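S.K.: Could you look at this predicted model? Sequence included:
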Amino acid sequence: MVGSGPNGLVAANLLADAGWRVVVLEAQDEPGGAVKSAEDVRPGWVHDTFSSFYPLAAASPTIQGLGLERHGLEWVRAPASVGHPLPGGRWAVVHPRPEDTAAALDRLHPGDGEAWLRVCALWDRVGADLVGALLTPFPPLRAGLRLGAKVPRLGGLAFARELLLPVRRLGDEWFGGEGPKLLLAGNAAHADIAMDAPGSGLLGLLLAMLGQSHGFPVPRGGAGRLTAALVARFESLGGEIRTGVRVNQVEVRSGRAVGVRLGDGEHIRATRAVVADVSAPALFGGLVPWSQLPDRLRRRMRSFEWDAGTVKIDWALSGPVPWASAPELTPGTVHLADSVGDLAIAGAQLASGRVPDRGLVILGQMAATDPTRAPRGSESLWAYLHVPQRRSRADQAHPEPVDEPRAELVAHQVEERIEEYAPGFRDRVLDRRVLGPAELERRNENLVGGAVNGGTAAIHQQLFWRPVPGWGRPETPVQGLYLASASAHPGGGVHGACGSNAARAALAHDRLERLTARRIRPVGPGPRLGRRQP
């Protein structure tokens, strides 16, 4: 296993469950990838270095099926999952109960409450199958068939059309007021899909409804507790994790992955499979030289597109965010955007290589969600926003990347935006940390240029177009080598599906090889990765 992000650790656990001997190799000094936390902004304040809220983990059959609660994981939730301040001091907030969300939205605009409940009823009928279809290998046969069987009763082509609508159009068709429209659009803007692009409506609906049905949970004590639980489970099965070791090459012989070579020259043989939790460009033409890969893959990888870059800011605050008009329930996640139109403009600015003037600012009120994150009465806050990607495609650099000095300027602009909604915010800042795109990549090589989704989430690089057209599965052109990172279907998010899909593919191919008695058994000195010996 190359890489110990959440997908890599999920794959390692599933392979260990099947009795395989698994060694995880991690270049960083600790496992976890983009799921880590520490008190490195200010002692006593726990900050998640990268990701924080995990609605997809709460809905993921893979994550839930691992029983991580038995290994120390505890999920906690804020009083409300997500909120969006509106002009005039009002808020659109997703409450724990759909009826309460609907009542609050109806006070903002009569009729929107009933519309919200209709959407919730729709989600109750299709949500589990939709999540299942999105998180299983493509094509999603079981969940897809169940979902397809329901489509005629839900409106047939009219329902399918709604799922494909851009989020701005979907909001206009379903709701009358700005509140629920911004809730949909703000959730859609977590990814890099334009507000007017097909697929953005489905993403906004998915996250908004996960917030309504599951909340936006976090691990008590910090995101690193999720990694710790995955590691503890894996090690309880006899798995081994080696940190601070760099894999320089996946060794291929006769079209099959037979092991890896480390930076210090050590060779580790793989008797069954090599699973790579690294980005597609890092694997193809990187760990595996192009001489071992088909020419058509090299041609197609030239069009691989990264998602937007990211600037993330962490603050240790002396008190809670001083909202000018606080909502009835405190949301863990807060979206700052003036209108859906502004989000559309921000997307166009990103596409043209500009830092958005009024792009979406996503805030995480961590102590309000999990009181263990900061001393009593204080707050551990973060924010992030999208900025232009320094490398728009795998082999094409952007002329004006957001470097660290520009990231500081972006952080200053974000603080000004927060001050608009929370006057006196800066007076409560005790310490601040800014992680620009380059620093995010330095801390995690998969976050190329600050890309957090392993490649764009736009429809042209999803499903069987991910990571390149005609793909959609974890298998690679090299036998015994599987792609398990967010560059594989279904993409970004802490759901474990990319790792699960890779592990299950490796197990299925191994079973087939054993049945046909054609499995290759590399021999020679050195440690091996494969099935435990009796």
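M.R.: It's in.
S.K.: CA atoms for contacts and neighbours, from now on please.
M.R.: Noted.
S.K.: wait, residue 63 sits on residue 500?
M.R.: No. In this structure, residue 63 is not within contact of residue 500 by Cα atoms under 8 Å, at 9.3 Å.
S.K.: Mind jotting down where the helices sit in the stretch 51-200 of the chain?
M.R.: Secondary structure of the stretch 51-200 of the chain, counting by DSSP state H, counting those that start in this stretch: helices at 55-59, 61-65, 98-108, 112-135, 141-150, 157-164, 167-174, 178-188, 200-213.
S.K.: Could you count how many residues lie near the residue lying closest to residue 138 once chain neighbours are set aside?
M.R.: Using Cα to Cα, 6 or more residues apart in numbering and skipping residues adjacent in sequence, the residue nearest residue 138 is residue 472, 5.5 Å away. With neighbours defined by other Cα atoms under 10 Å, the count for residue 472 comes to 20.
S.K.: Which residue ranges make up the domains of the chain?
M.R.: The chain breaks down into these domains under automatic domain parsing: 6-36+223-304+453-531, 43-54+309-445, 94-215.
S.K.: Figure out which of these is closest to residue 82.
M.R.: Taking Cα to Cα, domain 43-54+309-445 is the member of the domains of the chain nearest to residue 82, at 4.6 Å.
S.K.: which regions of this structure lie under the pLDDT threshold?
M.R.: The chain contains residues with pLDDT under 70 at 391-401, 517-534.
S.K.: at 90 what do you get?
M.R.: Scanning the chain for pLDDT under 90 picks out the ranges 87-88, 127-160, 162-163, 194, 198-199, 351-354, 389-406, 463-464, 470-472, 513-534.
S.K.: from memory the residue nearest to residue 138 sits against residue 463, does it?
M.R.: Yes. Residue 472 is in contact with residue 463 according to Cα under 8 Å; the separation is 5.3 Å.
S.K.: residues bridging contact with those two, i.e. touching both?
M.R.: 138, 489, 490 (Cα atoms under 8 Å, 6 or more residues apart in numbering).
S.K.: about what we covered before: nearest to residue 423 among the helices of the stretch 51-200 of the chain would be which one?
M.R.: Short answer: helix 178-188, nearest of the helices of the stretch 51-200 of the chain by Cα to Cα, at 22.2 Å.
S.K.: to the chain's geometric centre, what's the distance from the closest one?
M.R.: Distance of helix 178-188 from its chain centroid, counting by Cα atoms, centre = their mean, to the nearest Å, is 19 Å.
S.K.: relative orientation of it and helix 112-135 in degrees?
M.R.: 10 degrees (axes from the mean of the first three to the mean of the last three Cα atoms, to 10 degrees).
S.K.: Packing partners of helix 178-188?
M.R.: If you count contacts as 3 or more Cα pairs under 8 Å, 6 or more residues apart in numbering; DSSP states H and E, helix 178-188 packs onto strand 80-85, strand 91-94, helix 98-108, helix 167-174, helix 200-213, helix 340-351.
S.K.: out of the shared contacts of residue 472 and residue 463, which are inside strands?
M.R.: Secondary structure from DSSP state E places none of the shared contacts of residue 472 and residue 463 in strands.
S.K.: Is it possible to get JSON lines of those residues that adds neighbour count?
M.R.: What follows is the shared contacts of residue 472 and residue 463, written out as JSON lines (neighbours: other Cα atoms under 10 Å):
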{"residue": "138", "neighbour count": "18"}
{"residue": "489", "neighbour count": "30"}
{"residue": "490", "neighbour count": "28"}
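S.K.: now, which of those sits nearest residue 422?
M.R.: The closest of the shared contacts of residue 472 and residue 463, once distances to residue 422 are taken by Cα to Cα, is residue 490, at 37.1 Å.
S.K.: Might you report the residue contacts of that closest one?
M.R.: Applying Cα under 8 Å, 6+ apart to residue 490 gives the contacts 134, 135, 136, 137, 462, 463, 466, 472, 497, 498.
S.K.: where does it sit relative to residue 461, distance-wise?
M.R.: As judged by Cα to Cα, to the nearest Å, residue 490 and residue 461 stand 10 Å apart.
S.K.: One more: residue 365?
M.R.: 32 Å.
S.K.: These two: who's more crowded?
M.R.: Between residue 365 and residue 461, counting by other Cα under 10 Å, residue 461 is the more crowded of the two (25 against 21).
S.K.: number of nearby residues for the residue lying closest to the more buried one once chain neighbours are set aside?
M.R.: In this structure, residue 461 finds its nearest non-sequential neighbour in residue 467, 6.3 Å apart by Cα to Cα, 6+ apart. By the criterion of other Cα under 10 Å, residue 467 has 32 neighbours.
S.K.: for residue 467, what are its contacts?
M.R.: Residue 467 makes contact with 280, 301, 304, 455, 461, 487, 488, 489, according to Cα under 8 Å, 6+ apart.
S.K.: secondary structure class for the closest residue to the first one other than its chain neighbours?
M.R.: Nearest non-adjacent residue to residue 280, counting by Cα to Cα, 6+ apart: residue 487, 5.7 Å away. Using DSSP: H, G, I helix; E, B strand; the rest coil, the structure places residue 487 in coil.
S.K.: I figured residue 487 hits residue 283, correct?
M.R.: No. Using Cα under 8 Å, residue 487 is not in contact with residue 283, being 10.3 Å away.
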